[in-house]
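1. sequence isn't available, so here's the structure alone:
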Ligand SMILES: CCC[C@@H]1OCC(CO)=C1C(=O)O
């Protein structure tokens with residue numbers, strides 16, 4: 001496959017230690033995931049303000065204690081959901097990079113598959129809503145948009161170096177435009193259609209933008 005640019009964006013945030021299976025730990029990890037999923041459903045459906053830890057416990061048919069065992073507050077839950085939202089993208093990048101596309105096609109594939117995640121993945125949907133509501137969440141949420149912008153800029157710089165980018169197109173400006181367009185497309189699709197048409201909406205925008213970017 002073609003040499004890939006060193007991509008700093010989306011560096012895995014947490015070092016995962018590889019240990020053998022421990023049933024107690026596995027059960028705890030499963031419950032933690034259930035809590036995160038139930039919280040994501042509620043945050044996506046009704047937002048941060050109108051969701052309580054009790055709502056999350058009820059959705060899981062567990063006690064509030066079971067939720068508090070994993071997350072000390074609703075704010076901590078929101079941080080975990082947003083972090084899990086962003087953790088999707090390094091995994092997606094690894095998948096796309098194994099398929100051996102050039103840098104421009106990698107950028108196109110990343111966004112096309114991200115659109116599918118915005119349609120289908122409740123954690124991605126919840127993370128997006130929480131980022132909109134960040135002014136009302138008293139917690140340190142990850143800064144939105146910057147990792148995507150950095151990733152796309154690095155891919156477009158590599159594409160330019162391989163002669164794949166139209167003369168006069170700035171990779172950094174194109175990256176910012178792609179992020180703005182994707183954010184807008186998924187937001188409009190969410191408001192108008194609950195994201196039912198987000199893939200189609202992104203496809204038409206992507207075709208136009210990559211036509212303008214490609215040499
Ligand atoms: C890929 C465009 C940026 C992306 O779109 C929705 C959203 C949620 O905040 C994003 C982010 O924070 O990176």
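-> Looks like it came in fine. Because the structure is a prediction, the values reported are computed rather than measured.

2. show me where this protein has helices.
-> 23-46, 53-60, 64-70, 74-97, 103-120, 122-132, 146-161, 171-193, 198-213 (DSSP state H).

3. in space, what's closest to the residue located most distally from the centre of the chain - neighbours in sequence excluded?
-> Taking Cα atoms, centre = their mean, the residue of the chain most remote from its mean C-alpha position is residue 167, at 30.9 Å. Distance criterion Cβ to Cβ, 6 or more residues apart in numbering; nearest residue to residue 167, sequence neighbours excluded, is residue 215 at 7.3 Å. Placement of C-beta: from N, CA and C, glycine included.

4. so for the closest residue to residue 116 other than its chain neighbours, what's the pLDDT?
-> Nearest non-adjacent residue to residue 116, counting by Cβ to Cβ, 6+ apart: residue 199, 5.9 Å away. Looking at residue 199, its pLDDT stands at 98.

5. poorly predicted segments of this protein, please.
-> Applying pLDDT under 70 to the chain flags residues 1-8, 11-19.

6. interface residues of it facing the ligand?
-> Proximity of the chain to the ligand (Cβ under 6 Å from any ligand atom) is limited to residues 128, 131, 144-145, 148, 179, 182-183, 186.

7. residues in contact with residue 151?
-> Shown in contact with residue 151 (Cβ atoms under 8 Å, 6 or more residues apart in numbering): 7, 9-10, 89, 93, 107, 110.

8. my bad, residue 205
-> Contacts of residue 205 (Cβ under 8 Å, 6+ apart): 181-182, 185.

9. try it again at 10 Å.
-> 111, 115, 178, 181-182, 184-185 (Cβ atoms under 10 Å, 6 or more residues apart in numbering).

10. then residue 206?
-> Contacts of residue 206 (Cβ under 10 Å, 6+ apart): 107-108, 111-112, 115, 178, 181-182, 185.

11. then residue 125?
-> Residue 125 touches 40-41, 43-45, 81, 85, 117-119, 186, 190, 194-195, 198, counting by Cβ under 10 Å, 6+ apart.

12. still on that earlier bit, turn the contacts of residue 205 into JSON lines, columns for neighbour count.
-> Formatted as JSON lines, those follow (neighbours: other Cβ atoms under 10 Å):
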{"residue": "111", "neighbour count": "22"}
{"residue": "115", "neighbour count": "23"}
{"residue": "178", "neighbour count": "25"}
{"residue": "181", "neighbour count": "16"}
{"residue": "182", "neighbour count": "24"}
{"residue": "184", "neighbour count": "13"}
{"residue": "185", "neighbour count": "24"}
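
13. quick check, nearest of those residues to the ligand?
-> The closest of the contacts of residue 205 to the ligand turns out to be residue 182 (Cβ to the nearest ligand atom; 4.0 Å).

14. looks like the closest one contacts residue 114 (just checking).
-> Yes. If you go by Cβ atoms under 10 Å, residue 182 and residue 114 touch, sitting 7.1 Å apart.

15. picking up where we left off before, how many other residues sit next to the residue nearest to residue 116?
-> Residues lying near residue 199 (other Cβ atoms under 10 Å) number 18.

16. repeat for residue 159
-> Count around residue 159 with other Cβ under 10 Å applied: 24.

17. buried residues in stretch 192-199?
-> Within stretch 192-199, the residues scored as buried using 16 or more other Cβ atoms under 10 Å are 195, 198-199.
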